[in-house]
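**Q** The following comprises the amino acid sequence and a computationally predicted model.
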Amino acid sequence: MRKHIVILKTKYFNMIQSGEKTIESRFSIHKIAPFEKVTVGDLLLIKETGKDVTMTAKVARVEYFFLTPQKVEEIRIKYGKQIGTDKAEDWVLTAKKNYGTLIWVTEVKKVAPIPVPRSNGAGWIICKD
């Protein structure tokens, strides 16, 4: 089991905490984490941008995608509501990405604040053992 630090904007952090968002999605031009780096059972240490980790979750399911505009549209239609938005205008930039990772989260829990080093702009960090 790996641990990952997941940095989220407040809107998406709150949506995971409330149970409205059940899939964390990451899309990128380059093959970067979490693409092919997260597996079922991994622990997610979730934090809002600029704050400490205050929530954890387990990875229940993962899917990886090599993206095309058509594949992005399929993902939007099938999973958009669980990701946090299914509005087409929110997916315009995503259609230009090459790699996609969908991570189904379960066992979401609030935890006492855990300080972590600044990520310097990274949205996903794989923890060293």
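**A** Here it is on my side, so go on. Given the structure is predicted, the values throughout are model-derived calculations rather than measurements. Residues are numbered from 1 along each chain as shown.
**Q** Residue 100: neighbouring residues, count only.
**A** Residues lying near residue 100 (other Cβ atoms under 10 Å) number 19. Every C-beta, even on glycine, is put in place using the N, C-alpha and C of the backbone.
**Q** Make sure residue 123 is actually in contact with residue 26.
**A** Yes - counting by Cβ atoms under 8 Å, residue 123 does reach residue 26; the two are 7.2 Å apart.
**Q** pLDDT weak spots in the chain?
**A** 129 (pLDDT under 70).
**Q** can you point me to the longest helix in it?
**A** helix 69-83 (DSSP state H).
**Q** just how off-centre is that one within its chain?
**A** Taking Cα atoms, centre = their mean, to the nearest Å, one finds the center of helix 69-83 at 15 Å from the center of the full chain.
**Q** Could you identify the helix or strand that succeeds that helix?
**A** strand 99-114 (DSSP states H and E).
**Q** So which bits of the helix or strand following that next one are buried?
**A** Scanning forward in sequence from strand 99-114 by DSSP H and E, the next helix or strand is strand 124-126. Within strand 124-126, the residues that count as buried by 16 or more other Cβ atoms under 10 Å are 124, 125.
**Q** which residue sits closest to the residue most central in space within the chain, ignoring its sequence neighbours?
**A** By Cα atoms, centre = their mean, the mean C-alpha position of the chain lies nearest to residue 24, the distance being 3.3 Å. Nearest residue to residue 24 in three dimensions, chain neighbours excluded: residue 103, at 4.5 Å (Cβ to Cβ, 6 or more residues apart in numbering).
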